[in-house]
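S.K.: A structural model of the following input is requested.
(chains A and B)
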Number of protein chains: 2
Amino acid sequence: MSSIRVMPLGGMGNVTQNMFLYQVDQQILIVDCGIGFPDHHMPGADLLIPDISYLHQLLEQGNTIAGMVLSHGHEDHIGALGYILPELPEFPIFAVPFTAAFAQKRLEDKGARGSVTPVHDETHLQISPTFSVEFVQVTHSVPETRHLIIRTPAGTIYHGSDFKLDPHPVDGKVSQLDRIGQLASEGIDLMTIDCLRVESADWTKSESTVGPSIETTMRETKGKYIITLMSSHIHRIQQTIDAADKCGRKITFVGRSVEQNMEIALSLGEAHIPKGMQIDKRDIQNTADDKLCVVIAGSQGQEGSSLVRAVFGEHPVIQIAEHDTVVFSASAIPGNELPYYAAIDELCKNGVHVVYPDILKTLHQSGHASTPEQQELLGLVKPTYVMPIGGADRHRVKFLEFVAEPLGYTKDAVLLPNSGEVLELSASGPKVVESVHLKPRIVDGLGIGDVGPVVLSDRKALSEAGIIVVVVPRVKGQFRPKDIRVISKGFVFMKEADDVIEFITSTTAELLTTFKKKTSDEKLRRSIEHTLSRKLFKIIRREPLVVMVIADTA
Amino acid sequence: MSSIRVMPLGGMGNVTQNMFLYQVDQQILIVDCGIGFPDHHMPGADLLIPDISYLHQLLEQGNTIAGMVLSHGHEDHIGALGYILPELPEFPIFAVPFTAAFAQKRLEDKGARGSVTPVHDETHLQISPTFSVEFVQVTHSVPETRHLIIRTPAGTIYHGSDFKLDPHPVDGKVSQLDRIGQLASEGIDLMTIDCLRVESADWTKSESTVGPSIETTMRETKGKYIITLMSSHIHRIQQTIDAADKCGRKITFVGRSVEQNMEIALSLGEAHIPKGMQIDKRDIQNTADDKLCVVIAGSQGQEGSSLVRAVFGEHPVIQIAEHDTVVFSASAIPGNELPYYAAIDELCKNGVHVVYPDILKTLHQSGHASTPEQQELLGLVKPTYVMPIGGADRHRVKFLEFVAEPLGYTKDAVLLPNSGEVLELSASGPKVVESVHLKPRIVDGLGIGDVGPVVLSDRKALSEAGIIVVVVPRVKGQFRPKDIRVISKGFVFMKEADDVIEFITSTTAELLTTFKKKTSDEKLRRSIEHTLSRKLFKIIRREPLVVMVIADTA
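M.R.: Predicted coordinates for the structure are as follows:
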């Protein structure tokens, strides 16, 4: 038996940036290609993409990419395609038709080459002599989510990314537990499994429990019913359409992401709107408020989103009036509370009726499996080894404690590699065979990867105490201390900072006299910068970046 | 009848920075003097203090400060004393002994003058001919919390800041509902009331429900039991002491805030440790791990806190081992999820057993009243007018909907002033008589108030895309385009940015030739900065601050 190498390029302990490599016999299968979301340590970063340098290394060593399979249509599983594909040789990409259409759209948006092949026979997809893949249907917060059974000469893998076990999904397509049980009886060597919601001991409520709350709040609404939610959550949008239909309201979609997603969902039959019910968003103002239901993007209160522009009265087609109701059918993503609640506060202040999950819990249900659901799936698949994925480090560790150990798994059978570690699974068991230093690849504007740790740490320092630039002219090798100029940004308000500027100018002039003629510019600069920083900190307890520039002229 | 003016100097819709002015007959009573916590829009800010410019204005108009009363010992009610008192004339400050001791400590820490008088007869405190105050005991998350009944010739005010109605408080001192009912029967004209937790429909659980979870987790712990919590939460610390006593563990306190607070609590009899049970933190390493309970500061994962230093192996007296248990008896404060969960993730990664409220809910209970408790108190006090305080805008608005309206209050009787509005309550009812522009006063290092909107917006811009400084030497009035120097920080990594630097240099040199001789330096500078910004954005879609400096020498 040959061996399987496993490597998550987005890192372990990261919830997003999903991109997994499975390598067998010089062949590589990639699962997913998602973006990550930068945190406050990465100011200015737009998004993160997986670090594929290890993949490049494998290619240089003579391995080839057999293909890529996409599990479902969320951004953190397909959103990096447009960035990553141009950096790699061509290979086939597969997904079920709905996911393929979502992914294709991402590629078009970025103007990237490549196409995603829609898979119709899900029971047997032969990607290369080495890899064949079978898709199994599971429930999640985007339609047509799949788990993958990957058969290789070195063993069988169950790739169990995002899922929940919803007994009553909106489209009626329940998770195929019977089939999973059957397939698993062939023997699964390695299973990866979504552990994000391991902190919850209660079976995640069905998505279909959200619909009644949407309908109830809609019936109580006097003016426009405006609902914001994750724009890929087609089933929740379907429940909104159904409620609007019952309440005699027209429906319209506002926001690029929700408009695009609904176009795809409608064209593929994943969503349905009764004839004549949908109106163009430009007709909002020609429709009576109490006959209108608006689905709008921006449920996290994102700056620049349609919702936030509407909240602040800056949206071209939708005005929010006092008799309207705005419903947040999404909770704040941890770390994103400020903009989320700022939007709610602003609406409340303006006298608009707002309903959100903190006051009506049933307005949102998670798309992820809780502890008992993870146990149910693990107990069904019964892999030899299991590796929790899709969660932070605490979730992976608690998976061992709450999910695997109660089912009899020992510590050795639950794989918790560190970020960057390459696992090899062979007849003798799993071991770490390599450790790669994964760097977060930041997309900032049109630049990819040029914002690294140095730039980020400068940005952090700049944001905390600003910068002071000391310009020292030097003419024909002679410093001109009388002509020193000091500029500061983000430190103190310059118009009120005469004393500080005077202090820096005179200190620099004084320091210049203490150096020997032979001192290198570099050394002199560093020494003055260091001394100024220290003195400023003593005076005002702040640490601005201090930069000295020698302005040389002949 | 004269009138009462009411003004929260910390602003409405702010949860923290509590400082209320009540003005009657040229006399001012101040209630509380707290700090606020800066958010991500205020990088580098250490803390916020109330804007007292309106108070200065009142003093200039001939009003005088009769005194200040402190409701309880939390930082957002007493923490700004050391900053604010030096800016005001002297006046007496009152609080019950425990709160007075906490406040006195804050003053000493800042080296500020002033003393807080401990009040022993709580039923009648005559502060001036205009104001007399009666204290009533309520439950909260710090001992000896009080509500205030403020009697004035213009009417009676019930000042109901932070509280919950805990039927089984740890110290047995329940909220004095009977007395409140009696006092209220005299007639309350205006009530302020803590509305922070109005989103919760369930009666807030008793603090005494936390103790059993502490004891259970302690019994299961093989090594050291390390618990982190809000360092002013004396009753939770008492429950920890009691559990440690039962489990035969010694107790010690680590972290300046928790050490100081416990010293005060023990000296005033608000906490009790059996003889011989407390050890010095320097004796941790001389005590068997399984005989040790450590209460450590840093429950929000604050950078530099004792807990975080211990987590990263950088604390001088405490090492965390794999067999230890670390218990977070505090939830993440909204907006603070990142550092909080980073500490938990790091411990999990290191194999330490961690328990936190997400996996054991009973490890934390709020100190604030939910909807039914707010209703209970409002129904008891039956004021003519009620003003929700201590919450964000959404909480104030939902107070009207969930608490006041169900009790028969009309919109007119529920006062929801905007931030900065001064309310006057007279025989003809309440009206806004003045509107003050409240500025957030930022404490940054040793500077107070010198970091304003311009500096903050620069810091934000700097953090998002960095800065580019273009230095153009000019000798005897002649520009030296060949000697242009470009420095960037936080933009791109300089060593990889030759092209960008070259582009900026040559563009600047080119632009310099396009100006007429008479163009002012200011205009030339602005024009070049603007053009460079625009061109850079086109190329790379980023917006660094661009600063041009003319380095003049004669």
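S.K.: burial of A:Glu405, as a residue count?
M.R.: 14 (other CB atoms under 10 Å in any protein chain shown). The way it works is simple: take the backbone N, C-alpha and C, and place the C-beta from them, glycine included.
S.K.: what does A:Arg309 give?
M.R.: 18.
S.K.: Looks like it contacts A:Ile320 (just checking).
M.R.: No - counting by CB atoms under 8 Å, A:Arg309 sits too far from A:Ile320 to count as a contact (10.5 Å).
S.K.: for chain A, which spans come out with low pLDDT?
M.R.: Flagging of chain A using pLDDT under 70 yields the residue ranges A:1, A:493-496.
S.K.: Could you list the domains of it?
M.R.: Listed domain ranges for chain A are A:4-202+A:366-447, A:207-361, A:452-553 (source: automatic domain parsing).
S.K.: quick one, strands of the stretch 401-550 of chain A?
M.R.: A:421-426, A:429-435, A:441-444, A:447-448, A:467-475, A:478-479, A:485-489, A:545-553 (DSSP state E, counting those that start in this stretch).
S.K.: now the ones you listed as TSV including mean neighbour count and distance to A:Cys195?
M.R.: Formatted as TSV, the strands of the stretch 401-550 of chain A follow (neighbours: other CB atoms under 10 Å in any protein chain shown; distance: least, CB to CB, whole Å):
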stretch	mean neighbour count	distance to A:Cys195
strand A:421-426	19	16
strand A:429-435	14	18
strand A:441-444	22	24
strand A:447-448	16	30
strand A:467-475	23	43
strand A:478-479	14	62
strand A:485-489	20	44
strand A:545-553	20	41
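S.K.: Let's have the ones you listed in JSON lines, adding distance to B:Ala465.
M.R.: Output for the strands of the stretch 401-550 of chain A, formatted as JSON lines (distance: least, CB to CB, whole Å):
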{"stretch": "strand A:421-426", "distance to B:Ala465": "34"}
{"stretch": "strand A:429-435", "distance to B:Ala465": "33"}
{"stretch": "strand A:441-444", "distance to B:Ala465": "8"}
{"stretch": "strand A:447-448", "distance to B:Ala465": "10"}
{"stretch": "strand A:467-475", "distance to B:Ala465": "13"}
{"stretch": "strand A:478-479", "distance to B:Ala465": "32"}
{"stretch": "strand A:485-489", "distance to B:Ala465": "12"}
{"stretch": "strand A:545-553", "distance to B:Ala465": "15"}
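S.K.: Need those in JSON lines (columns: distance to chain B).
M.R.: Below are those laid out as JSON lines (distance: least, CB to the nearest CB, whole Å):
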{"stretch": "strand A:421-426", "distance to chain B": "12"}
{"stretch": "strand A:429-435", "distance to chain B": "15"}
{"stretch": "strand A:441-444", "distance to chain B": "6"}
{"stretch": "strand A:447-448", "distance to chain B": "6"}
{"stretch": "strand A:467-475", "distance to chain B": "5"}
{"stretch": "strand A:478-479", "distance to chain B": "9"}
{"stretch": "strand A:485-489", "distance to chain B": "5"}
{"stretch": "strand A:545-553", "distance to chain B": "4"}
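S.K.: So is stretch A:450-459 next to chain B?
M.R.: Yes - using CB under 8 Å from any CB of the partner chain, stretch A:450-459 comes into contact with chain B via A:450-452, A:454-456, A:458-459.
S.K.: Okay, strands next: where are they in the stretch 101-250 of chain A?
M.R.: A:116-118, A:125-126, A:132-138, A:145-152, A:155-160, A:190-194, A:225-228, A:250-254.
S.K.: Got phi/psi on A:Thr325?
M.R.: Dihedral pair for A:Thr325: phi -120, psi 130, per degrees, to the nearest 10.
S.K.: wait, I meant A:Gln374
M.R.: Torsion angles, degrees, to the nearest 10, at A:Gln374: phi -60, psi -40.
S.K.: So what's the residue count around it?
M.R.: A:Gln374, neighbours per other CB under 10 Å, totals 29.
S.K.: same check, this time on A:His120
M.R.: With other CB under 10 Å as criterion, A:His120 counts 8.
S.K.: residue contacts, the residue lying closest to it once chain neighbours are set aside?
M.R.: Of all residues not flanking A:His120 in the chain, A:Pro97 sits nearest, at 7.3 Å (CB to CB, 6 or more residues apart in numbering or on different chains). Each residue near A:Pro97 by CB atoms under 8 Å, 6 or more residues apart in numbering or on different chains is listed here: A:118-120, A:144, A:268.
S.K.: And these, which is closest to B:Gln26?
M.R.: Within those, proximity to B:Gln26 (CB to CB) peaks at A:Glu144, which comes in at 72.3 Å.
S.K.: In contact with that closest one, which residues are there?
M.R.: Per CB under 8 Å, 6+ apart, neighbours of A:Glu144: A:72-73, A:96-99, A:137, A:173, A:270.
S.K.: Now do the phi/psi pair for it.
M.R.: phi 60, psi 40.
S.K.: Kindly provide the distance from it to A:Pro169.
M.R.: For A:Glu144, the distance to A:Pro169 (CB to CB, to the nearest Å) stands at 11 Å.
S.K.: out of the contacts of A:Glu144, which are inside strands?
M.R.: Judged by DSSP state E, strands contain the following of those: A:Gln137.
S.K.: Setting aside sequence neighbours, what's the nearest residue to the residue in the stretch 301-450 of chain A positioned nearest to chain B?
M.R.: Nearest to chain B, among the residues of the stretch 301-450 of chain A, is A:Gly445, at 3.1 Å (CB to the nearest CB). Distances taken as CB to CB, 6+ apart put B:Arg541 closest to A:Gly445, at 3.1 Å, once the chain neighbours are dropped.
S.K.: Just to check, the one you found is in contact with A:Gly44?
M.R.: No - at 11.1 Å, B:Arg541 does not count as touching A:Gly44 under the criterion of CB under 8 Å.
S.K.: Comparing the two, which shows the higher neighbour count?
M.R.: Taking other CB under 10 Å, B:Arg541 and A:Gly44 do not tie; A:Gly44 has more neighbours (25 against 13).
S.K.: Could I get the contacting residues of that one?
M.R.: Contacts for A:Gly44 (CB under 8 Å, 6+ apart) come out as A:444, A:451, A:459, B:463-466, B:490, B:542.
S.K.: sorry, back to before: ok, of the contacts of A:Pro97, which one's closest to A:Ile528?
M.R.: Nearest to A:Ile528 out of these is A:Glu144 (CB to CB; 62.6 Å).
S.K.: Next, find the distance separating the closest one from chain B.
M.R.: 31 Å (CB to the nearest CB, to the nearest Å).
S.K.: What residues does A:Met19 make contact with?
M.R.: A:8-10, A:30-34, A:50, A:52, A:80, A:84.
S.K.: Three-state assignment for the residue nearest to A:Asn336 when sequence neighbours are not counted, please.
M.R.: With CB to CB, 6+ apart as the criterion, A:Asn336 has its nearest non-adjacent residue at 5.3 Å, and that residue is A:Gln300. On the three-state scheme (DSSP: H, G, I helix; E, B strand; the rest coil), A:Gln300 is labelled coil.
S.K.: so A:Gln300 touches A:Ile333, yeah?
M.R.: Yes - with contact defined as CB under 8 Å, A:Gln300 and A:Ile333 form a contacting pair (6.0 Å).
S.K.: Identify the contacts common to the two.
M.R.: Joint contacts of A:Gln300 and A:Ile333 (CB under 8 Å, 6+ apart) are A:Tyr340.
S.K.: Looking only at neighbour counts, state which of the two leads.
M.R.: Each of A:Gln300 and A:Ile333 has its neighbours counted (other CB under 10 Å); A:Gln300 has more, 21 against 14.
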